[in-house]
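>>> sequence and predicted structure are below.
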Amino acid sequence: MSGLFAFSKKYCQRYKLRLCVGFLLILISNILTLLPIPYIGKSINTIKNLFISFSNASNSFDLKKEICVYASIILIVPIIGGFVKYHMRQCIITTSRMIEFDIKNEIFSHYQKLSLSFYKKNSTGDLMNRLTEDVSFIRQYIGPGIMYFVNLVVLFFMVFVQMLRINKTLTFYVILPIPILFISIYYISVSITKRSEKVQNYQSLICSFIQDTFSGIHVIKSFVAEPFFQNQHKRIISEYQKKNIELAKVDTILSSVIIFFIGTSHLLILFFGGKKYFEGEIKEIGTIAEFLTYINILIFPFIILGWVVSIVERAKVSRIRISEFLKEKPEIFNKNSKKMEIFGKVQFKNVSFIYYENNENKNNVKNKSHYTISKISFTIMKGETLILTGETGSGKTTIGRLISRLYDPYKGEILIDNLSLKNHNLYDFRNNIGYVPQESFLFSDSIYNNIALGSIKKVTPCKVYEAARKAVIEDEILNFKNGYDTVIGERGITLSGGQKQRICIARALIRNPKILIFDDSFSAIDQKTRKLIIRYIKEGMRNSTIIIITHDTSYISDFNLFIVLKDGKISKIEHHNILL
C-alpha cells in the first residue's frame, strides 16, 4: 500500500490545491449529511407528544410548528448537501482524470525513449494493456477510491462522536462488529490481490493475441487458419473468464461480509435499544430512530468499501506492472547535447555484436561462441556508395541498425566523421539519417502525412511531391481517387508491397539525409524502377553517403565499396566498380 501511495503522491502534488478543496468539501458534505439527523429523532418525539396532547389546541399548534421547522431542515439541508457533493465529486474525480492524462503521457514518453531490445522482450499487447487498463485502475484508486475511503473515515468518526454523545452503551454495540469486519476485509483483500494479478496478466495476453491476429489477418485467411485462431481465442477467453469469475466470487464474499456486519449492528441496536427503552433507561423513542439513521447513513460507505478494497488491490498490481517498465533504462541514450554537423564518413573498427535474449545478462554475452557480426572493419567516405550483400542471416541488417544507432556494438567502435558514434548528439545524428528498413511500415494516415513524417523541418507540399517523384511513386499516387490525401489502411494494407516500399523511400528522401541506408528496400520493386530510383538518388544526393543492403545486385552499376558477408564476417571486399 505504501508503494502505491508513494507512486500516486508525485502526481497528486501537482494538483494538491484541487485535492485539498475536494477533501474540504467531503468534510462539509458530511456535516450537512449529519446535520438533519438529530431533527429526525426530535420529529418522532414531537409527533408522539402531538398525539398525546391532541386535546390541547395551543400546545398542539406549537408542536405542529416545531414539526414544520424540523421537516424544513430535514428537506432543505440534504439539497444543499447534494449540491456540495456534486462539486466534491467534480473536484476530485476531474483531478483523477488529469492525473491519468499525466501518467499516460509519462509512460508513452518513456516507451519512446527505450531501446529496440526492450520491444523485442515485450509484446505489443502487454505494452498497450499497461498504458490503458493498468493506468485506469490507478486513476480509479486516486479518484473515486480515495474519495470514498476518506469520506467513510470522516463520516464514521463524526457518526461515532454523535452516537457517543447520545448513548455510550448503544455506541459500544454498534462498533462491536467493526474490528471483526476490518480483519475479514484484510484477509479477503490478500486473496483479491492474487486474483487481480492473474486477471490483469490475462488481459495483456488477450491484447497481444488479438493484436497479432489482426496484424496477420491476410496470412490467416490465406492458410484458412480461422478455425485454429478461433479455438485459440476461445481457450484464452475461457481462462480469462475463469480468473474473472474467481475474482468476482471473492468480491461478492467481501460485499456479503460487509452487509452481514451492518445488519448485525441493526439487530443489536433494535434489541438492546428496545430493551433499554422499555426499561426506561432511554426516555425517548426518537433516540433509537436517530441511532438507526446513523447506521443507515454508514450503509452505503461500508458497501462501497468493498469496491474500494478491490480497486486498491488491483491498483497495487497495476502500480507494480507500470513501475517495472518505468524503471527500464534505455540502452541507447544521448551523451552530447551540443549541436553537431554531420558530413557522412562512416568507419567500422573491429565491430562485433550479438542479440541477447530477455533472460540473459548482457555481461555474459562474451561466453557466446557465435556473434551476429564479428570483427567487422571498413571505411566509407562522405558521398560514397557502399553495397552490402550476403546470405540470409549473415548480419547485413545488423550493420544498418548499428549505423543508425538503434543498437550499440558489443565490441569495437563505430566512427562517424572520425568521432565515436556514442559521442555524437544522438538526435542530431538521427536527423541526418535516412533509414528505409526491411519491413515497409506505414501509419494509418494519408500518403502525404506518411511521406511528410520524414521531414525534420517545416514540410511543404513541394518537398513531398519531389520526394514522391524521386521514389517513382507519384504517378500511382495521383491515380488514386484522393491522390496524396488517400488514407492508408493499418500498416499500409491497402497498398501493394512495391508501393509501400517506394512511399517509405520517399519518406527517407524528403529529409535529404547525409547518410542514406536502404535495408533490402527494393525487393518488391521491378528492376527498371529500381534503376530509376537509384539514378535519381545518385544525381540529387551527390554529397550523401549511400548504403544499400541487398541480395540482388543486378540493378546496381555504380559503387565505391562492395562487401560480401558470411556468418557475420566479411568474406569479400572490393573497391571502385570492380565487376561484380
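Great, that's in hand. This one's a predicted model, so the numbers in the text were calculated from it and none came from an experiment.

>>> so for the helix or strand hosting residue 310, mean pLDDT?
Secondary structure here is read from DSSP states H and E; on that basis residue 310 sits in helix 285-326. Over the span of helix 285-326, the pLDDT mean works out to 81.

>>> wait, doesn't residue 295 sit right on residue 173?
No. Counting by CB atoms under 8 Å, residue 295 stays clear of residue 173, with 10.6 Å between them. Any C-beta I mention is one placed from the backbone N, CA and C, and that applies to glycine too.

>>> element containing residue 468, please.
According to DSSP H and E, residue 468 maps onto helix 461-470.

>>> put the alpha carbons of that helix into PDB.
As requested, the backbone C-alpha atoms of helix 461-470 are provided in PDB (Å, rounded to 0.1, in the frame of the first residue of the first chain):
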ATOM      1  CA  PRO A 461       3.800  20.200 -50.500                       C
ATOM      2  CA  CYS A 462       6.600  20.800 -53.000                       C
ATOM      3  CA  LYS A 463       9.100  18.800 -50.900                       C
ATOM      4  CA  VAL A 464       6.600  15.900 -50.500                       C
ATOM      5  CA  TYR A 465       5.900  15.900 -54.300                       C
ATOM      6  CA  GLU A 466       9.600  16.000 -55.100                       C
ATOM      7  CA  ALA A 467      10.300  13.100 -52.800                       C
ATOM      8  CA  ALA A 468       7.500  11.000 -54.300                       C
ATOM      9  CA  ARG A 469       8.900  11.700 -57.800                       C
ATOM     10  CA  LYS A 470      12.400  10.600 -56.800                       C
END
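
>>> determine the set of other helices and strands touching that helix.
Under the contact criterion of 3 or more CB pairs under 8 Å, 6 or more residues apart in numbering; DSSP states H and E, helix 461-470 touches helix 447-452, helix 474-479, helix 497-509, helix 527-540.

>>> most tightly packed of these?
Between the helices and strands packed on helix 461-470, helix 497-509 has the highest mean count of neighbours, a mean of 24, where neighbours are mean count of other CB atoms under 10 Å.

>>> related to what we said a few turns ago, how about the helices and strands packed on helix 461-470, which one is nearest residue 281?
Across these, residue 281 has its closest neighbour in helix 447-452 (80.8 Å, CB to CB).

>>> now the closest one: average pLDDT?
The average of the pLDDT scores along helix 447-452 is 90.

>>> other SSEs contacting that helix?
Contact analysis of helix 447-452 by 3+ CB pairs under 8 Å, 6+ apart lists helix 461-470, helix 497-509 as its packing neighbours.

>>> what pairs with whichever helix or strand comes after the last one, parallel or antiparallel?
Beyond helix 497-509 in the direction of the C-terminus, DSSP H and E gives the next helix or strand as strand 515-519. Strands that pair with strand 515-519, judged by DSSP bridges, come out as strand 433-436 (parallel), strand 545-549 (parallel).

>>> mind putting those strands into TSV with mean pLDDT?
As requested, the strands paired with strand 515-519 are exported to TSV (pLDDT from 0 to 100):
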stretch	mean pLDDT
strand 433-436	90
strand 545-549	92
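
>>> which of the ones you listed is buried the deepest?
Using mean count of other CB under 10 Å, the stretch among the strands paired with strand 515-519 with the largest mean neighbour count is strand 545-549, at a mean of 24.

>>> tell me how far that one is from the chain's mean position?
Mean-position distance between strand 545-549 and its chain equals 37 Å (CA atoms, centre = their mean, to the nearest Å).
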